[in-house]
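*Asks:* take a look and give me a structure for this.
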Amino acid sequence: MTEGDAVLWQPVLLRAVAALAFGAATVFLTVPTTAGMGVLAGAYFVLVGAALLLVVRRLAASLSLSASSAPVLALAVPAAHLAVAGVVAAVAGSPELLGWYGAFALALLGLGELYAAVALKGRTVLSRDWLVSGVVMLGTAAVLPFVAAAGAKAVLGVTGGGALITGALWLLCALTIRHDGRASAKAVN
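*Replies:* Numbers count the residues shown, from 1 in each chain. Alright, predicted model coming up:
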């Protein structure tokens, strides 16, 4: 772990909590309305997008990357797009819209994470987790359009399943970064 990674645990934890809360809500919400689906998925997309933008900002500063560098743009553009998709989902509340537009936003995020994982390999501890998260996002995006016609419960189920997997991943990542950061600080002192 690099010294710059130590500042990443908080936005990574925010992403994990948002994903786990959304995933849990989709498990226990037995009969979602389309409006409820839109608001729930919209909040998840906005929070994940915002958390990833915070990660990108802190990571760029710690690695001295310019705002126009390819890895920064590969993460920042999909994160911003995901947040916009969240607002659209919350306003529209349509399973078909969320199935197709949400799939596009998640696929864009998955591709961005895979690119950043390769481009920043060895420079940040997050690169390993971006590989897994990117694949899960792409898998979720691939299935989502096919279940859109089945309604809100199906859309939430697929999206929530991906959220639970990535939420657990990012929670472990955040806790590891926090622990390793504290251990490094104690070793220096």
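
*Asks:* where does pLDDT dip in this protein?
*Replies:* 1-4, 182-189 (pLDDT under 70).

*Asks:* give me the nearest residue to Leu144, chain neighbours excluded.
*Replies:* Closest residue to Leu144 apart from its sequence neighbours, by Cβ to Cβ, 6 or more residues apart in numbering: Ala103 at 4.0 Å. Quick note: C-beta positions are derived from backbone N, CA and C, even for glycine.

*Asks:* remind me, longest helix of this protein?
*Replies:* If you go by DSSP state H, the chain has its longest helix at helix 152-188.

*Asks:* buried residues in that helix, which are they?
*Replies:* Residues of helix 152-188 classed as buried: 152-167, 169-171, 173-174, 176-178, 181 (neighbour count, 16 or more other Cβ atoms under 10 Å).

*Asks:* list the contacts for Ala50?
*Replies:* 14, 79, 83 (Cβ atoms under 8 Å, 6 or more residues apart in numbering).

*Asks:* could you dump the residues you listed to a markdown table with secondary structure?
*Replies:* Converted to a markdown table, these look like this (DSSP: H, G, I helix; E, B strand; the rest coil):
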| residue | secondary structure |
| --- | --- |
| Leu14 | helix |
| Ala79 | helix |
| Ala83 | helix |
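
*Asks:* among these, which one sits closest to Val125?
*Replies:* Nearest to Val125, judged by Cβ to Cβ, of the contacts of Ala50 is Leu14 at 16.9 Å.

*Asks:* show me what contacts the closest one?
*Replies:* 47, 50-51, 54.

*Asks:* top of these by number of neighbours, please.
*Replies:* Ala51 (23 neighbours; other Cβ atoms under 10 Å).

*Asks:* list the buried residues of the helix or strand harbouring that one.
*Replies:* Assessed by DSSP states H and E, Ala51 sits inside helix 34-63. For helix 34-63, the buried set under the neighbour-count rule, 16+ other Cβ under 10 Å, comprises 34, 37-56, 58-60, 62-63.

*Asks:* and for stretch 131-145?
*Replies:* Buried-residue list, stretch 131-145, by 16+ other Cβ under 10 Å: 131-141, 143-145.

*Asks:* can you tell me how far the residue nearest in space to the middle of the chain is from Phe146?
*Replies:* Nearest to the geometric centre of the chain sits Val48, at 4.7 Å (Cα atoms, centre = their mean). Note on Val48: its distance to Phe146, by Cβ to Cβ, to the nearest Å, is 22 Å.
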